[in-house]
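# Whatever this is, show me its structure:
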Amino acid sequence: MGVAVLLFLLGISFLPLYAQQKPVIIQAEARLESVLILRMTPERYVEFGIEQVNEDLYHITKHPDDVMFSVESTGNWDLAISANDPYFTGENDASHKVPVDFIGLTIENTGSNWDNGLFSNIANATKDTIIYLEDERTELLASGMRGTIGGSEMNSFILRWKFFYEDESLRTLKFSDFSIPDDLYKVGYTITLSESGKYGIEGINGEEKADAP
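Prediction:
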């Protein structure tokens, strides 16, 4: 937020001519809110298809789509995600359930704001790892010391969904801890864009956010 100070000089024209005219100084404050705009696909859900090959080998019939998004802001911002439900639900049979942490995510930075930690523009929690999808709010991006202010060309990203048990050499998926019926599974999610504190990200490197709103 910024504070604009407006000064008005008013002459006292209605006083007698022999009276000494003195300007009256009036000070007013107007708080200017930061503008935060998140631009992304309106349908916010994760969807994947799966079928069983044998006792513990599964084949993914539909991979979740990547999500492109950008942020336009006149102030520093943080971004978090949460699943709307603790389980993926089968579209063919609603009794089919898969925990949401079956899938994780990473965020690829395609903008010019640098996402290499608290001393850069953006602290990216997924920079060197995959973050589990959870039904609790998980902070993904936060303002670093250089700040996240900028337009979409500076704050542009791709969210990529990742299966945690993928065998890259076989190009198949082995999920020994799950018994998953064949189905198309889906869960909604919420992206939260909020005004940042001074800088920092809660949950990254075990550091707490400073001056959180």
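# So what sits opposite the residue nearest in space to the middle of the chain in the bridge?
Among the residues of the chain, the one closest to the centroid is residue 79, at 2.8 Å (CA atoms, centre = their mean). Residue 79 has these beta-bridge partners by DSSP bridges: residue 141, residue 193.
# was I right about it contacting residue 137?
No. Residue 79 is beyond contact range of residue 137, at 10.7 Å (criterion: CB atoms under 8 Å). Heads up, the C-betas are built off the backbone N, CA and C, glycines and all.
# Overlap of the contact sets of the two?
In terms of CB atoms under 8 Å, 6 or more residues apart in numbering, residue 79 and residue 137 are both contacted by the residues residue 192.
# For residue 127, grab the count of nearby residues.
Per other CB atoms under 10 Å, the neighbour tally for residue 127 reads 16.
# again with residue 137
14.
# where in this protein is pLDDT low?
Along the chain, the parts satisfying pLDDT under 70 run over 1-33, 56, 165-177, 198-213.
# swap the cut-off to 90 and go again
1-35, 41-43, 52-60, 102, 118, 128, 163-180, 197-213 (pLDDT under 90).
# Pull out the buried positions in stretch 90-107.
Within stretch 90-107, the residues scored as buried using 16 or more other CB atoms under 10 Å are 90, 96-100, 102-107.
# Let me know the closest of the residues you listed to residue 74.
residue 107 (22.0 Å; CB to CB).
# Quick check: which element contains the closest one?
strand 103-109 (DSSP states H and E).
# Next up, phi/psi of residue 81, please.
Note on residue 81: backbone dihedrals following degrees, to the nearest 10 are phi -140, psi 150.
# my guess is it meets residue 187, correct?
No. Between residue 81 and residue 187 there is no contact under CB under 8 Å: 11.8 Å.
# Residue 76 contacts residue 146, doesn't it?
No. In this structure residue 76 lies outside contact range of residue 146 using CB under 8 Å: 9.6 Å.
# So the residue lying closest to residue 107 once chain neighbours are set aside versus residue 142, what's the distance?
Counting by CB to CB, 6 or more residues apart in numbering, residue 126 is the residue found nearest to residue 107 once chain neighbours are left out, at 4.9 Å. Using CB to CB, to the nearest Å, residue 126 is found at 12 Å from residue 142.
# When those two are compared, which one has more neighbours?
Using other CB under 10 Å as the criterion, residue 126 and residue 142 rank with residue 142 on top: 26 against 21.
# Would you confirm that that one contacts residue 123?
Yes. With contact defined as CB under 8 Å, residue 142 and residue 123 form a contacting pair (4.8 Å).
# buried set for stretch 54-72?
58, 64, 67, 69-72.
# Repeat that for stretch 36-52.
By 16+ other CB under 10 Å, the buried positions in stretch 36-52 come out as 36, 46-50.
# now swap in stretch 141-158 and tell me
141-144, 146-151, 154-157.
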